[in-house]
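In: Structure for this input, please:
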Amino acid sequence: MNFSTNYIIFPPNKALERAIANSIGMLSAEAATAAAPDTKVAVADNFRYARGNYEQHRFSARIYESLRETLEAALAETGDTADLAAKISRTQEPLVWAETQNNLGNILAALGQQRRDAALFEQAILCFGKALEEFTQEGSPLEWAATQYNLGTANQSLGRLLEATPPLKIAVDAYTNALLVWTREKSPKEWMYTMHQLGATLHTFGKQLKGNRQFQKSVVAYKNALAALDADDYALELVATHNNRAAALHHLGESEENPDRLKEAINSYELALTVSMEQQLPIHVAVISRVNKATVQNVLAQMTNDAVLAEEVADEFEVILECFPHALQPLCLKHCEEQLKKAQLHLNVIKS
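Out: Take a look at the predicted model:
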């Protein structure tokens with residue numbers, strides 16, 4: 001079946017931010033200045049919350065290529081040996097070498113997302129695999145879990161880019177491995193992020209397999225993540241989890257042709273919208289949830305032939321298009337226009 005379009009919200013990639021922060025000291029002072037975010041932009045970039053797993057807000061993306069070159073040179077086993085001090089020896093410093101592989105993997109994955117380049121994601125995955133040759137669950141459990149998480153996120157992004165299931169299966173296994181170490185009791189923050197990413201992976205998996213079981217698992221994973229979230233400390237993460245759980249319920253309801261699932265999705269989108277407004281997050285975040293909510297209401301109106309709801313949906317999309325065009329990406333704007341026409345057409349059919 002064809003699922004209706006909805007939009008997920010990506011929380012900040014803390015692993016990428018750490019990789020940049022840990023590696024920036026290896027650059028020259030001139031190159032490091034490129035890492036500073038551009039604060040002179042007149043209009044804030046609110047769209048970053050919808051672009052993918054490898055968006056981050058603390059550093060400028062202009063730093064990626066220079067960091068990649070520096071890290072690759074430090075890890076190179078051959079080549080110019082003029083600056084041996086910059087080389088990282090696996091034999092002499094295996095754990096430092098493994099952590100540097102982790103940092104390089106995150107930078108490569110960020111470039112892969114930026115350029116929509118599967119080969120860069122594959123290089124990142126190889127880096128995480130090398131790190132896991134040194135980080136073991138028994139010897140370095142926290143580093144092992146962090147690397148498993150990185151491996152999962154790179155494979156999740158690759159699976160979404162290629163619309164392929166094998167990377168998603170690897171991602172599920174990697175996140176499951178990370179949860180062997182990152183328990184809710186001992187590592188609540190890491191546990192929450194992993195549950196969230198597991199939910200996102202299973203949702204994407206479900207869309208590709210057109211299988212209810214993966215959607216159901218996604219809903220459970222997101223529900224688990226919600227247990228460790230609060231609006232004061234994790235406002236964006238809380239909004240993202242409510243919104244993304246709703247997106248999984250939305251597609252599960254379509255797959256099952258189950259109005260009750262769609263009503264659950266509406267409630268979860270409403271929670272995302274409420275938290276977003278109360279915490280004064282960028283308006284684009286609230287608009288994403290509002291568009292999603294109206295979209296699933298449109299599905300419900302058509303499934304139940306509810307004329308009143310169909311009219312409400314048409315009115316809502318008119319308001320969104322009139323009041324928030326600046327907060328809509330071009331494809332989302334087109335989606336809203338199509339949904340408005342769909343609601344109006346269905347309403348005319350019901351009334352005729």
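
In: From now on I want contacts and neighbour counts done on CA atoms only, so please keep to that.
Out: Fine.

In: Low-confidence regions, the chain specifically.
Out: For the chain, the stretches with pLDDT under 70 are 38-46, 79-86.

In: quick one: the helices in it?
Out: Shown for the chain, the helices assigned by DSSP state H span residues 14-23, 29-32, 64-75, 94-115, 118-134, 141-162, 165-181, 188-209, 212-226, 235-256, 259-278, 283-304, 307-323, 330-351.

In: and the angle for the first one with helix 141-162?
Out: The reference is to helix 14-23. 120 degrees (axes from the mean of the first three to the mean of the last three C-alpha atoms, to 10 degrees).

In: Residue 67 reaches residue 108, doesn't it?
Out: No. Using C-alpha atoms under 8 Å as the test, residue 67 is too far from residue 108 to be in contact (9.4 Å).

In: what's the most buried one of the helices of the chain?
Out: helix 235-256 (a mean of 27; mean count of other C-alpha atoms under 10 Å).

In: In terms of secondary structure, what does that helix contact?
Out: helix 188-209, helix 212-226, helix 259-278, helix 283-304 (3 or more C-alpha pairs under 8 Å, 6 or more residues apart in numbering; DSSP states H and E).

In: Make TSV out of the ones you listed and add distance to residue 351.
Out: Output for those, formatted as TSV (distance: least, C-alpha to C-alpha, whole Å):
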stretch	distance to residue 351
helix 188-209	34
helix 212-226	34
helix 259-278	21
helix 283-304	13
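
In: nearest residue to residue 97 other than its sequence neighbours?
Out: residue 90 (5.3 Å; C-alpha to C-alpha, 6 or more residues apart in numbering).

In: Would you mind measuring from the one you found to residue 231?
Out: Look at residue 90 and residue 231: by C-alpha to C-alpha, to the nearest Å, they are 43 Å apart.

In: thought residue 182 was touching residue 192?
Out: No. Using C-alpha under 8 Å, residue 182 makes no contact with residue 192, being 9.1 Å away.

In: picking up where we left off before, residue 323 is nearest to which of the helices and strands packed on helix 235-256?
Out: Residue 323 lies closest to helix 283-304 among those, at 10.3 Å (C-alpha to C-alpha).

In: contact partners of the closest one?
Out: 4-7, 9, 46-47, 49, 243, 247, 250, 254, 257, 259, 262-263, 265-266, 269-270, 272-273, 276-277, 306-307, 309-310, 313, 316-317, 320, 324, 327-328, 336, 339, 343, 346 (C-alpha atoms under 8 Å, 6 or more residues apart in numbering).

In: circling back: and the residue nearest to residue 97, how many neighbours?
Out: The number of residues packed near residue 90 is 14, by other C-alpha atoms under 10 Å.

In: Tell me which residues touch it, please.
Out: Applying C-alpha under 8 Å, 6+ apart, the residues near residue 90 are 96, 97, 98.

In: can you tell me how far the closest residue to residue 318 other than its chain neighbours sits from residue 347?
Out: Of all residues not flanking residue 318 in the chain, residue 340 sits nearest, at 7.0 Å (C-alpha to C-alpha, 6+ apart). Between residue 340 and residue 347 the computed distance is 11 Å (C-alpha to C-alpha).

In: Next, format the contacts of residue 90 as CSV and append distance to residue 227.
Out: Supplementary listing: the contacts of residue 90 in CSV, determined by distance: C-alpha to C-alpha, whole Å:
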residue, distance to residue 227
96, 35
97, 36
98, 33
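
In: nearest to residue 130, of those residues?
Out: residue 98 (7.0 Å).

In: How about the contacts made by residue 328?
Out: 284, 287.

In: show me the contacts for residue 36.
Out: Taking C-alpha under 8 Å, 6+ apart as the test, what residue 36 contacts is 58, 59, 60.

In: Which one of those sits in the busiest neighbourhood?
Out: Neighbour counts for the contacts of residue 36 (other C-alpha under 10 Å) peak at residue 59, which has 18 neighbours.

In: That one and residue 35 touch, don't they?
Out: Yes. Counting by C-alpha under 8 Å, residue 59 does reach residue 35; the two are 5.2 Å apart.

In: who's in contact with residue 63?
Out: 31, 32, 34, 35.

In: Turn the contacts of residue 36 into CSV, columns for distance to residue 22.
Out: Converted to CSV, those look like this (distance: C-alpha to C-alpha, whole Å):
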residue, distance to residue 22
58, 13
59, 12
60, 15
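
In: And those, which is closest to residue 211?
Out: Taking the contacts of residue 36 together and measuring to residue 211 by C-alpha to C-alpha, the closest member is residue 58, at 37.5 Å.

In: domain parsing for the protein?
Out: 1-228, 229-352 (automatic domain parsing).

In: Once you drop chain neighbours, what's closest to residue 152?
Out: residue 171 (3.8 Å).

In: Quickly note the distance from the one you found to residue 205.
Out: 10 Å.

In: How about residue 298?
Out: From residue 298 to residue 205 the distance is 24 Å (C-alpha to C-alpha).

In: ok, back up a step: so what's the residue nearest to residue 152 up against?
Out: So residue 171 contacts 151, 152, 153, 154, 155, 156, 198, 201 (C-alpha under 8 Å, 6+ apart).
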